[in-house]
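A.B. asks: here is my input, please return the structure:
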Amino acid sequence: MSEEKAVVLAALIGAAAAILVGGLAFAAAVRQVTKSAEIQRDQAFWQAQRDSYTQFITAAHECVRMLRHFESISEVEWEEIAKWHEKLSLSYSALLLAVLDPEIRQNAHTVKNIFDRMKRLLDERRTPGYVPSREVLETIRREKDMVVNAIGELRLAMLRDLHRAAVTPPRRRPPVPSSPRM
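C.D. replies: Numbers count the residues shown, from 1 in each chain. Next up is the predicted model:
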């Protein structure tokens, strides 16, 4: 083999090696970017869950706080209760969109239903001349105790879910198909 052929062959081998190394580096970079995107997506999902949990629990605690002295509620307090009940309903809807855990969904449903029943009972008190019976006041008192317990159970389930998501490695997802190339 002549010297010129040897130089050309060495150059071809060098170019092929450079292309191979470049291709491997590109594949590794794409893999890393994909992994980073998955981590960011998981983090964003975790934050969305945390925020929806926080909004729902905050609204529930405010509703309970407003009902501390339900026997003598002023008109301003009625409006405040209605406002927090509306926030609870909206945060419940957001929670259902962000949360997959059936235990949390069931506990949140229980809390919302108790507040809905309490709100109906309290709204009856707003009618002129209405004097609640002892049974109605006792029902409201019982419902209030039930909702406090249900909020506690819900809060614990939410904490378990958030901690589980924080320490569990992300599960492998199938790759997202790209748009067809033409």
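
A.B. asks: alpha carbons only for contacts and neighbour counts from here, please
C.D. replies: Fine.

A.B. asks: buried ones in the helix or strand that contains M118?
C.D. replies: Assessed by DSSP states H and E, M118 sits inside helix 102-125. Neighbour counts over helix 102-125 (16 or more other CA atoms under 10 Å) mark 104-105, 107-112, 114-115, 118-119, 121-122, 125 as buried.

A.B. asks: do the same with stretch 145-152
C.D. replies: 146-147, 150-151.

A.B. asks: would you reformat the residues you listed as a markdown table and include secondary structure?
C.D. replies: Output for these, formatted as a markdown table (DSSP: H, G, I helix; E, B strand; the rest coil):
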| residue | secondary structure |
| --- | --- |
| M146 | helix |
| V147 | helix |
| A150 | helix |
| I151 | helix |
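
A.B. asks: between those, which is closest to L12?
C.D. replies: I151 (71.1 Å; CA to CA).

A.B. asks: just checking, that closest one touches K112?
C.D. replies: No - contact criterion CA atoms under 8 Å: I151 and K112 do not qualify, at 9.8 Å.

A.B. asks: find the nearest non-adjacent residue to the residue nearest in space to the middle of the chain, please.
C.D. replies: For the chain, the residue nearest the mean C-alpha position is Q49 (1.7 Å; CA atoms, centre = their mean). With sequence-adjacent residues excluded and distances taken as CA to CA, 6 or more residues apart in numbering, Q49 is closest to A98, at 5.6 Å.

A.B. asks: can I assume the one you found is in contact with Q47?
C.D. replies: No - applying CA under 8 Å as the test, A98 and Q47 come out as separate, 9.9 Å apart.

A.B. asks: give me the more crowded residue out of the two.
C.D. replies: A98 (18 against 14; other CA atoms under 10 Å).

A.B. asks: local confidence estimate at the more buried one?
C.D. replies: At A98, the model reports a pLDDT of 85.

A.B. asks: between the buried residues of helix 102-125, which is nearest I81?
C.D. replies: K119 (8.4 Å).

A.B. asks: residue contacts, that closest one?
C.D. replies: H85 (CA atoms under 8 Å, 6 or more residues apart in numbering).

A.B. asks: pull up the per-residue confidence for it.
C.D. replies: 82.

A.B. asks: what do you get for the one 4 residues further on?
C.D. replies: Listed pLDDT for D123 reads 78.

A.B. asks: let me see the mean pLDDT of the host helix or strand of L159.
C.D. replies: Using DSSP H and E, L159 sits in helix 134-167. When pLDDT is averaged over helix 134-167, the result is 84.
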